[in-house]
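Engineer: Structure for this input, please:
(2 chains, ligands or ions: 1)
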Amino acid sequence: MSLVSGPGRAGLSTASLPTELRLSVAAHVKYIQALDNRKDELEYHLTTHLRLNGVYWGLTALHLLGHPDALDRSQVIDFVLQCQGENGGFGAAPGHDPHLLSTVSAVQVLVMCEGLGELEARGKNGGGALGVGRYLAGLQDRKTGTFRGDEWGEEDTRFLYAAMNALSLLGLLHLIDVEKAVAYIVSCANFDGGYGVSPGAESHAGQIFACLAALSIAGRLEVVDQGKLGRWLSERQVERGGLNGRPEKLEDVCYSWWVASSLKMIGKLHWIQGEKLTKFILECQDTEQGGFADRPGDMVDVFHTVFGLAGLSLLGYPGLEEVDAVYCMPRKVIEQVLGPREEIPIE
Amino acid sequence: MGKYEGNPVWDDVVPIPQDDGEGALAQIAYTDEYAEAMGYLRAIMAAKEYSPRVLDLTEHIISMNAAHYTVWLYRASTLRALNTPIDKELSWMNEVALQNQKNYQIWHHRQILIDQLYPSISSDPAAIQALADSELAFMTQMFDEDSKNYHVWSYRQYLVRKLGLFNSPAELKSVENLLRKDIRNNSAWSHRFFLVFCNPEYSTPDSKATEYDARIPDAIVDRELAFAQAATFEAPQNQSPWNYIRGVLRKGGRKLSSVEQFAGEFVTLPEDDSAEDVKSSHALDFLAEAWSEEGKTEKADHALRLLADKYDRIRKNYWDWRRAPLKEKTSK
Ligand SMILES: [Zn+2]
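Structural biologist: Below you'll find the predicted structure:
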């Protein structure tokens, strides 16, 4: 899956359209399908280290668009399995060292493709799901509860969430110390109600999403000061309708997803104006060549495409498959694996 | 012919081409220079070679693509194996960082290097000071490009902890300089809070940012309140110092109403029908909370109603949520 940006530019061709913007479903499907035909572009190769993440982004986008079969299932599964290393983890591409984030993408893709059976049958060293789970659990620091991205040690609350995401999908959450992980997240809470990348670090919408989603998976959202956090999150909406990731920063489609999904997780999505946000996200699409950009006028890419679609789905845009705010995957798929989803009621 | 093929220094290495997993090599038409260099790196990594030429090779690849984390990690291992002087590596990295503002791998690499270096200078205050000074100078350069760069701020907190810079006058001074340039820089506000309230000299170890800390001296709380209050007069609609004031009051165990008079400078709500004067919606919000704390329910509700209907309509649902418990109180 290519992560090459462009060819389209968002919003330029829609400038003359009436305010009733429409989602260009067919163009987006085509755009994602065509991504892998761009191996002659340098950017394709400069982003090899994100390839498996790219497959997850592209496939999730297709599911939300209602075209889950637009990529060939067996080809996708073959590619994912080729990325697996000897230790059970997955690298970003075949031959790459395993990394936590690509391993999580591998699990998410396999779940969406109903390919966990193939993992059991054809995974490295016959380890199956348990082998993957052991690799992920091995990255937890048992003293602090945090996770390293790989054997080299970089730590980030995103890693903690990602690991819990995959382990819960595999039914292997018991392999890690969830209590320690929760305590670490609690220590990242800030005076303004948000959460940062580590204790004392500035509040950041991406980190807030990671912390809340991890707490949701652990069933421990009660440790959050939800009123105070919801206040900070709702302050992210700017006049134009989009959401930024920190005070005084520009609005962006990917931050719009992280903020909106966080609000959803604490039952406060109605604290922002959904219509205004929907309009902003739609302005970020290229209606002809497909794809979404971070902001109108910028180059489209698959990363902002999936988060644009996920945002629209969260806001109830008609015709889109419903997204799960915690996993950023189709809710239907998550319910198949985990059963009915509980939600915090709107208040 | 490329930079490596035919070069006597690399003569012994047979490059390993990228296998995209589909077995087809034909598609690999990507720019030759990057492809060639990566081919040599794969071969070097396969042979576990840690030599000076690896530093040249990884430098070349990083100049083309600084986002490939494996390249950084292999470079770090090579530096360790060769015992390369770290100051030289740091100054080279300054250039790379300035050219790759959004890259984060480089900051992790920098942290690995400092961890490696630290034991050799830990008992030499002058050497620690010199390192702190040069790192500060470099970060100031980074902030000239983007004063809210999250990676740089995270690294900075790491450095403050590692080198024990909580009491360094240069540290607080530099934050003040950044705020003087841009009073809305939320990153700088956040760092200030960390510096002041995590200072091991007078704070309770591991006290959370959201909780009261009995050990914080009153003089510090007063100083921080005065600093943030001055900033609100400069830009009343700037949310950062208002959040900061709430945070300081919490740390100091004081009520919002203890600074009610200050917040009142921005808001006049007449008792009669004449129009109100609101210079900052944050002040109005602050007063609403202070009043509700004091049981002045009607006043608090009035302020929240103004926010919902007039001064911050985009978040009407939030303000209505805040009003709900007040209504319960008045109906009892
Ligand atoms: Zn973005």
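Engineer: how much space between the closest residue to A:Ile32 other than its chain neighbours and A:His28?
Structural biologist: Distances taken as CB to CB, 6 or more residues apart in numbering or on different chains put A:Gly58 closest to A:Ile32, at 4.7 Å, once the chain neighbours are dropped. Every residue, glycine included, has its C-beta placed from N, CA and C. Going from A:Gly58 to A:His28 by CB to CB, to the nearest Å gives 10 Å.
Engineer: what touches both of those two?
Structural biologist: A:Thr305 (CB atoms under 8 Å, 6 or more residues apart in numbering or on different chains).
Engineer: dump the residue contacts of the closest residue to B:Ser134 other than its chain neighbours.
Structural biologist: Distances taken as CB to CB, 6+ apart put B:Leu90 closest to B:Ser134, at 7.7 Å, once the chain neighbours are dropped. Taking CB under 8 Å, 6+ apart as the criterion, B:Leu90 is in contact with B:110, B:113, B:134, B:138.
Engineer: May I have the phi/psi pair for B:Leu90?
Structural biologist: phi -60, psi -40 (degrees, to the nearest 10).
Engineer: what separates it from B:Leu117, distance-wise?
Structural biologist: With CB to CB as the criterion, B:Leu90 and B:Leu117 are 9 Å apart.
Engineer: Burial check on residue 117, number of neighbours?
Structural biologist: Since no chain was named, I'll use chain A. Using other CB atoms under 10 Å in any protein chain shown, A:Gly117 has 12 other residues around it.
Engineer: Chain B, not that one
Structural biologist: Neighbour tally, B:Leu117, other CB under 10 Å: 17.
Engineer: dump the residue contacts of the residue nearest to A:Ile32.
Structural biologist: Counting by CB under 8 Å, 6+ apart, A:Gly58 has contacts A:1, A:32, A:35, A:71, A:302, A:305-306.
Engineer: Next one, pLDDT for it please.
Structural biologist: The pLDDT attached to A:Gly58 in the predicted structure is 95.
Engineer: Let me know the helix or strand that it is in.
Structural biologist: helix A:51-64 (DSSP states H and E).
Engineer: Next, the closest residue to B:Asn167 other than its chain neighbours: phi, psi?
Structural biologist: What sits nearest to B:Asn167 in space, not counting adjacent residues and going by CB to CB, 6+ apart, is B:Glu201, at 6.4 Å. With angles defined as degrees, to the nearest 10, B:Glu201 sits at phi -60, psi -40.
Engineer: next one: B:Ile62
Structural biologist: phi -60, psi -30.
Engineer: Which of the contacts of B:Leu90 fall in helices?
Structural biologist: B:110, B:113, B:134, B:138 (DSSP state H).
Engineer: residues contacting the last one?
Structural biologist: Taking CB under 8 Å, 6+ apart, we find B:Phe138 in contact with B:90, B:94, B:97.
Engineer: isn't the second one right up against B:Met139?
Structural biologist: No: taking CB atoms under 8 Å as the contact criterion, B:Asn94 and B:Met139 are not neighbours in contact, 9.8 Å apart.
Engineer: Against the ion, how distant is A:Arg9?
Structural biologist: 15 Å (CB to the ion, to the nearest Å).
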